[in-house]
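Q: sequence first, then the predicted structure, then my questions.
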Amino acid sequence: MSRTLFLVLTLALAACSSDADNTSSNNGQDSGNTPDTGTTLDLGQDATVLPDGGSDDMTTTTDMGTTPTARCAELPVQGPTIDVAPGDDLRTIAANAAPGTTLLLADGTYMLNGGDAASRVQLSADGLTLRGASGDASAVILDGGYATNEVVTIHANNVTVAHLTITHAVDHLIHATPQGTTIKGTRIYDVRLIDGGEQFIKINSDGTEGAWVDDGEVVCSTFIMTDDGRPNVERATGGCYTGGIDGHQARGWKIHDNHFEGIYCAGEGLAEHAVHFWSASRDTVVERNTIINCARGIGFGLVENGRTRDYADDPYSGIGYIGHYDGIIRNNFIYADIDFYDTGIELAQAHGVRVFHNTVVSSPDASGFFSSIDYRFANTKAEIRNNITRRITQRNGAVGELSSNIEGAELNMFVDAAAGDLHLSAGATDAIDKGEVVNEAGLDIDGEPHANGVPDIGADERQ
């Protein structure tokens, strides 16, 4: 596998509302220690000082610049365009834009801190695109100033948000929700999401029967909670009410080639997952993401009984409550060395899920560790194959077909686990050529097939 490609991609990528349930995988136990991750944030090239006093002190060794790889190339500009500058009324321009329009935002900071719903950028016409004109996501900053509940809201079909940074929301940085009828085709592409007060991206129904948010994708984007942002996490609902992506009753979403880092609270209960689809979501694909030092990595389902959604084909009639239907989790890197790490992949009432070729490991210093992959509750039915883990757990009557997994993985199997580089080292003989051929293996963490002879175990197919 190309180590250089991985490092370029990782460096470039690195350059939920009141209905959430923060149920802990380890039954709520928390070590209560204060972590020292040493990770703060650089807003990238020519960073603009954020008016709430949080830019120049936000520095990091991680470069969060633009992504040079073909998978994350700049999107072409399409349709009629409107040029927008930082001094313009972005909210009104977005509200009045005709369907199919691209809003091209010039470099700079756009303050959206009016403190009411009118402060949001609301995208309510089909086919709108909101994007940075330069293609440099670090150069265009939409800042809610911890005064606006949601910075960007999406209420229409085929809306794209791309090549910009969104930061400092009281609640959600982006919220996709319908207005009486199902919407599809949401695309979040090369967006840097930094310091959301609740879930960074929220996906849910507006409560109208039959109105959902389906067939969206989050691609080549970066999710970071900084030390400066952590004190602003919502705690009114109890515990640590934040997370990366939180999808309820959503079907057909694809979450791939993203970087998540630092989404946790220190001794205040568990944050939600970096990626979480539940409440009867369906057919989610989560692949080739890197998740570093988050409280929980990927979750399909959560609770034993909860909100549901009726599907016309009723694929699992008579089973009872299903927290997540089908879907696949594959080729992800998940690593933690913080005290507040709990579980890497969590399956709860997840029926028909496939978990293939993930690398989910942690340092022994992660004292809150519960499980690398946990499958739970009687309606869970999972295939778990070709994963490298520290531990796999089965609870409460869950059913799984497990094969070719490694438990108790040592960190010397990897090129540089402490830096989040979980590519296999030459000495990883327990994993190299030890896997099995599985349908839907997908492409590995570097976008290459598991086709170099007998497949390797884990997310990296060593070349």
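A: It's in.
Q: and residue 269, what pLDDT?
A: Residue 269 is assigned 85 on the pLDDT scale.
Q: neighbours of it, how many?
A: By the criterion of other C-beta atoms under 10 Å, residue 269 has 17 neighbours. Backbone N, C-alpha and C define where each C-beta goes, glycine included.
Q: assumed it was part of a helix.
A: No - looking at residue 269 with DSSP: H, G, I helix; E, B strand; the rest coil, it is coil, so not inside a helix.
Q: can you report phi and psi for it?
A: Main-chain dihedrals, residue 269, degrees, to the nearest 10: phi 90, psi 170.
Q: please tell me how far the nearest residue to it once chain neighbours are set aside sits from residue 450.
A: Spatial nearest neighbour of residue 269, chain neighbours left out: residue 239 (2.9 Å); criterion: C-beta to C-beta, 6 or more residues apart in numbering. Residue 239 sits at a distance of 39 Å from residue 450 (criterion: C-beta to C-beta, to the nearest Å).
Q: coming back round to it: ok, the residue nearest to residue 269 - contacts?
A: 22, 265, 268-270 (C-beta atoms under 8 Å, 6 or more residues apart in numbering).
Q: that one belongs to a helix?
A: No - under three-state DSSP, residue 239 sits outside any helix and is assigned coil.
Q: quick check: residue 267 touching residue 340?
A: Yes - applying C-beta atoms under 8 Å, one finds residue 267 in contact with residue 340, separated by 7.3 Å.
Q: those two: who's more crowded?
A: Shown here are residue 267 and residue 340; by other C-beta under 10 Å, residue 340 has more neighbours (29 against 15).
Q: pLDDT wise, what is that one at?
A: As predicted, residue 340 sits at a pLDDT of 95.
Q: with residue 118 instead?
A: pLDDT for residue 118: 75.
Q: what sits against it?
A: Counting by C-beta under 8 Å, 6+ apart, residue 118 touches residue 91.
Q: helix, strand, or coil at it?
A: Judged by three-state DSSP, the three-state class of residue 118 is helix.
Q: so how far is residue 99 from it?
A: Taken as C-beta to C-beta, the span from residue 118 to residue 99 is 22 Å.
Q: now do residue 297
A: 37 Å.
Q: who has more neighbours, the two?
A: With neighbours defined as other C-beta under 10 Å, residue 297 and residue 99 compare such that residue 297 has more, 32 against 14.
Q: do I have it right that that one meets residue 291?
A: Yes - counting by C-beta under 8 Å, residue 297 does reach residue 291; the two are 4.7 Å apart.
Q: what about the closest residue to residue 321 other than its chain neighbours, distance to residue 154?
A: Excluding the flanking residues, the one nearest residue 321 by C-beta to C-beta, 6+ apart is residue 305, at 4.9 Å. From residue 305 over to residue 154 the distance is 30 Å, taken as C-beta to C-beta.
Q: what's around the residue lying closest to residue 260 once chain neighbours are set aside, how many residues?
A: Leaving aside its chain neighbours, residue 260 sits nearest to residue 274 (3.8 Å; criterion: C-beta to C-beta, 6+ apart). Residue 274 has 33 neighbouring residues, counting by other C-beta under 10 Å.
Q: repeat for the one 10 residues further on
A: Taking other C-beta under 10 Å as the neighbour definition, residue 284 ends up with a count of 27.
Q: model confidence at it, what's the number?
A: As predicted, residue 284 sits at a pLDDT of 98.
Q: contact partners for it?
A: So residue 284 contacts 247, 250, 252-255, 277, 300, 324, 327-328 (C-beta under 8 Å, 6+ apart).
Q: hmm, back to that, ok, now how distant is the residue nearest to residue 269 from residue 224?
A: Per C-beta to C-beta, residue 239 is found 21 Å from residue 224.
Q: surely residue 452 touches residue 462?
A: Yes - counting by C-beta under 8 Å, residue 452 touches residue 462, with 7.3 Å between them.
Q: higher neighbour count, these two?
A: residue 462 (18 against 15).
Q: hang on, the earlier thing: how many neighbours does the residue nearest to residue 321 have?
A: Residue 305 is flanked by 11 other residues according to other C-beta under 10 Å.
Q: got it, and residue 236?
A: Neighbours around residue 236, by other C-beta under 10 Å: 6.
Q: and it, what's its pLDDT?
A: What the model reports as pLDDT for residue 236 is 74.
Q: what's the helix or strand for it?
A: Under DSSP states H and E, no helix or strand contains residue 236.
Q: offset the numbering so it begins at 34, please.
A: Sure thing, new numbering starts at 34, so read that last one as residue 269.
Q: from residue 203, how far off is it?
A: 11 Å.
Q: can you check residue 163 too?
A: Per C-beta to C-beta, residue 163 is found 20 Å from residue 203.
Q: ok, residue 171 next?
A: From residue 171 to residue 203 the distance is 23 Å (C-beta to C-beta).
Q: who has more neighbours out of those two?
A: For residue 171 versus residue 203, neighbours defined as other C-beta under 10 Å are more numerous around residue 171 (25 against 19).
Q: pretty sure the more buried one sits in a helix.
A: Yes - counting by three-state DSSP, residue 171 is found in a helix.
Q: that one contacts residue 225, correct?
A: Yes - counting by C-beta under 8 Å, residue 171 does reach residue 225; the two are 6.7 Å apart.
Q: assign a three-state SS to residue 124, would you?
A: helix.
Q: any idea how far residue 174 is from it?
A: Distance, residue 124 to residue 174, using C-beta to C-beta: 15 Å.
Q: more neighbours, these two?
A: residue 174 (28 against 16).
Q: as a check, name the ranges of all strands in the stretch 34-183 of the chain.
A: Per DSSP state E, counting those that start in this stretch, the stretch 34-183 of the chain carries strands over the ranges 114-117, 135-138, 141-144, 154-156, 162-165, 173-176, 183-187.
Q: distance of residue 450 from residue 295?
A: As judged by C-beta to C-beta, residue 450 and residue 295 stand 17 Å apart.
Q: shaky segments in this structure?
A: Along the chain, the parts satisfying pLDDT under 70 run over 34-103.
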